[in-house]
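S.K.: Quick check, what structure comes out for this input:
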Amino acid sequence: MSALSPDRGQQVEFYLQSLDTTAFADQASEQKAEDALFQQYRDRKIDVIVVMGPRPIAFASHFPKTFFPDVPVVFGGSTREQAGNSHLDSRFTGSWMTLEPARTLDAALKLLPQTEHVVVVGGSSTFDKSLEVPVRLALAPYAGELDIRYLTDLTMTDLLQRVRHLPSRTVILYTTLFRDAAGNEFVNATTALPMVSEAADAPVFGISDTYLGHGAVGGCVLNFAEQGKIAAKTVLEILRGKSPRQIPIQVSPSVYMFDWKQLQRWGLSERNLPPGSIVLFREPTVWQRAKWIILVCVLVFVGLVSLAGYLLLNRRKLRLARDEHIRLSGMLISAQEEERKRLASELHDDFSQRLALLSLGLETAAEAVPPSAQEAHEQLHELINSASELGADLHTLSHRLHSATLERLGLVAGIGAFCKEFSSQQGVQVALTHNGGSDGVSPDVALCLFRIVQEGLRNVKKHSGASKARVALEHVDGNLHLSVSDDGVGFDMEDAEGRQGLGLFSMQERARLIGARFEIHSRPQEGTCIDVWVRQQQPAKSKSPEMIEQPAVQEVLNESMENGQCQTSVHKS
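M.R.: Numbering: from 1, shown residues only. A predicted model of the protein is given here:
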């Protein structure tokens, strides 16, 4: 019907008549059925009659002259033997089925090669008995190899009890069961077969494709679905003008067809199925059910992994770039300090000494000039004072470029000397406090902290307008803490973001170079405080007295030059 309905070339009207042909006990009952059908359809024009099943075929063949004698008949759904080898005249065409129970048993033996017992289950109706005969004939050659038993004349209760207790290595061949020995009738495929399959402790094989899905494993089965397709094709050919004589009768072989769920139930391998077998009701695998979801998840996962790898690679590149930046900053600062040290050394060792000698020479020349030359004495003394002042300024510049006190006497002494010098020159009173020496501070850390103090105090003078500043150096919780603060005008931290100068950037870079934490705290009219925290290091070895003796003497000379007493001190020595 599904094949005929979509045909747009013909408008097909169906009349469906279900005949319970198993109720035909004799020819009289068949005649009554014929009379009823004739009365029902005598006023209708019938183009094609389709008969399906052995008794309908036999029924139509018995009354070729009285039951729509000129109407073509398409038959199917039966073997020639089941239909009683009926004689079909020229108005009949269709297809015969082929019952092959032996091939079903062969397939069962291939799946279960250890089989020793075969139980054939069938019913007691005329139709059931008519099918039992060809099955016995087909299985007769196996009687010498297998124990074959027929359970066909039992009540359903007895039958179920027998199949529950079958010997091991047994298979069941189910034929048809429309009626049991007690006269109880059943719907063969959808009622009787499921009852037998559920009760049996052995796999059930069948002879019809209609049994699949109702408990049968399968076998070489009658293909009723194919019979419907053949009948539909034949009807269409007749409706389009062909006569039954022009359409040859077909013989359709049985096909190997199996139920996937029953194969799984009994642990039967698909590898042992006959070649070309059709497997129905196969449940899709996890991959088949969710392959698109899995593929999407895999793609998303690959994308996330790729993104993570890309981010990690960029992070590594960023870290390398940052390390390179820090290294370059350190190299730049180190080069700057080396250059400062070189310039300071040249100023101190060359120009300062030459100016000192010039001052001594001028003083000697002044003593050699007679006292009467008052004007010459005055000019010489002015030159002496100018040379002394120039020497002091050069010393100050040398100390600013590179602190000899820091290098020779340590961080506290270096910061103290600078604070004293800054106070005297800039007019800002700087108070230095500390709670210990500078032992354990490496030269690099000491130099960075010293430069931060320098830049911080310069900012105090340049921007804060304060007259007082404080520098604190103390050990707190195992860390070295440096603080530079003032009570000046301060500034707004948010407004200052993005406008920091080179000095502030230099302090931050120096702190980062030594791994220190650098913070600035300021508010308008509340002053500014710079805090630097450095992790405490292991104490350095103390210098011997011989190593600090000469620098100490030099520091005394430097301080004398700062106070403008260089000529007197040198003269007296």
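S.K.: Pull the number of nearby residues for Asp47.
M.R.: Residues near Asp47, counting by other Cβ atoms under 10 Å, number 12. The way it works is simple: take the backbone N, C-alpha and C, and place the C-beta from them, glycine included.
S.K.: At which residues are the strands of the stretch 51-200 of the chain located?
M.R.: 73-76, 92-97, 117-121, 147-151, 170-174 (DSSP state E, counting those that start in this stretch).
S.K.: Contacts only, for Leu480.
M.R.: Counting by Cβ atoms under 8 Å, 6 or more residues apart in numbering, Leu480 touches 441, 445, 449, 473-474, 533-536.
S.K.: Just the element for it, please.
M.R.: strand 479-486 (DSSP states H and E).
S.K.: Can you pull the phi/psi pair for Lys65?
M.R.: The phi and psi values for Lys65, taken as degrees, to the nearest 10, are phi -100, psi -20.
S.K.: ah, wrong one, I meant Arg523
M.R.: Here Arg523 shows phi and psi, under degrees, to the nearest 10, equal to phi -140, psi 150.
S.K.: ditto for the one 10 residues further on
M.R.: Phi and psi for Trp533, reported as degrees, to the nearest 10, are phi -120, psi 130.
S.K.: Quick check: nearest residue in space to it, chain neighbours excluded?
M.R.: Arg517 (4.4 Å; Cβ to Cβ, 6 or more residues apart in numbering).
S.K.: my read: that neighbour touches Ala511, true?
M.R.: Yes. Arg517 is within contact range of Ala511, at 7.2 Å (criterion: Cβ atoms under 8 Å).
S.K.: Give the residues shared as contacts by these two.
M.R.: Common neighbours of Arg517 and Ala511 (Cβ under 8 Å, 6+ apart) are Val532.
S.K.: Those two: which is more packed in?
M.R.: Comparing Arg517 with Ala511 by other Cβ under 10 Å, the one with more neighbours is Ala511, at 22 against 13.
S.K.: so which strand or helix has the more buried one?
M.R.: Per DSSP H and E: helix 502-513 holds Ala511.
S.K.: Mind checking what helix or strand follows that helix in sequence?
M.R.: strand 517-522.
S.K.: Each with direction, which strands does that next one pair with?
M.R.: strand 528-535 (antiparallel) (DSSP bridges).
S.K.: report the angle between the axes of the partner strand and helix 502-513?
M.R.: Angle, strand 528-535 to helix 502-513, by axes from the mean of the first three to the mean of the last three Cα atoms, to 10 degrees: 20 degrees.
S.K.: mind listing what's buried in strand 528-535?
M.R.: 528-534 (16 or more other Cβ atoms under 10 Å).
S.K.: quick one: average pLDDT of stretch 169-187?
M.R.: Rounded to a whole number, the mean pLDDT of stretch 169-187 is 95.
S.K.: In the beta-sheet assignment, what are the partners of Lys468?
M.R.: Residues in beta-bridge contact with Lys468 (DSSP bridges): Gln429.
S.K.: can you check Met257 too?
M.R.: Gly219, Ile278.
S.K.: Please work out how many residues are found near it.
M.R.: 23.
S.K.: what sits up against stretch 175-191?
M.R.: Against stretch 175-191 from outside (Cβ under 8 Å, 6+ apart): 22, 101, 120-125, 127-128, 131-132, 135, 152-156, 158-159, 192-193, 196, 207-208, 210-211, 214.
S.K.: quick check: domain ranges of the protein?
M.R.: 21-97, 101-222+253-280, 288-402+543-573, 410-542 (automatic domain parsing).
S.K.: which one of the strands of the stretch 51-200 of the chain lies closest to Ile249?
M.R.: strand 92-97 (5.7 Å; Cβ to Cβ).
S.K.: For the closest one, name the packing helices and strands.
M.R.: Judged by 3 or more Cβ pairs under 8 Å, 6 or more residues apart in numbering; DSSP states H and E, strand 92-97 is in contact with strand 73-76, helix 224-239, strand 250-252.
S.K.: pLDDT score for the residue nearest to the spatial centre of the chain?
M.R.: For the chain, the residue nearest the mean C-alpha position is Phe301 (2.8 Å; Cα atoms, centre = their mean). For Phe301, the model assigns a pLDDT of 93.
S.K.: Now do the longest helix along the chain against helix 502-513, angle only.
M.R.: For the chain, the longest helix by residue count, based on DSSP state H, is helix 286-346. Helix 286-346 and helix 502-513 are oriented at 120 degrees to each other (the same axes, to 10 degrees).
S.K.: which regions of the stretch 101-250 of the chain sit below the pLDDT cut-off?
M.R.: Within the stretch 101-250 of the chain, no range satisfies pLDDT under 70.
S.K.: thinking again about what came up before, looking at the helices and strands packed on strand 92-97, which is buried most?
M.R.: Ranked by mean neighbour count under mean count of other Cβ atoms under 10 Å, the helices and strands packed on strand 92-97 are led by strand 73-76, which reaches a mean of 25.
S.K.: which residues touch that strand?
M.R.: With Cβ under 8 Å, 6+ apart, strand 73-76 has contacts from 48-52, 56-57, 60, 83, 88, 91-95, 97, 227-228, 230-231, 234-235, 238, 244.
S.K.: Run me through the strand neighbours of that strand, direction for each.
M.R.: strand 49-52 (parallel), strand 92-97 (parallel).
S.K.: Contacts for the shortest one, please.
M.R.: Residues from elsewhere that reach strand 49-52, judged by Cβ under 8 Å, 6+ apart: 57, 59-60, 68, 71-78, 227, 231, 235.
S.K.: And those residues, which is closest to Ala290?
M.R.: Nearest member of the contacts of strand 49-52 to Ala290, counting by Cβ to Cβ, is Gln227, at 37.5 Å.
S.K.: what separates the closest one from Ser95, distance-wise?
M.R.: 6 Å (Cβ to Cβ, to the nearest Å).
S.K.: Now the common contact residues for these two.
M.R.: What both Gln227 and Ser95 touch, as defined by Cβ under 8 Å, 6+ apart, is the set 76, 252.
S.K.: Which pLDDT does the model give Glu389?
M.R.: pLDDT, read off for Glu389, is 71.
S.K.: now it: how far from Phe418?
M.R.: 21 Å.
S.K.: buried ones in the strand holding Leu480?
M.R.: 480-486.
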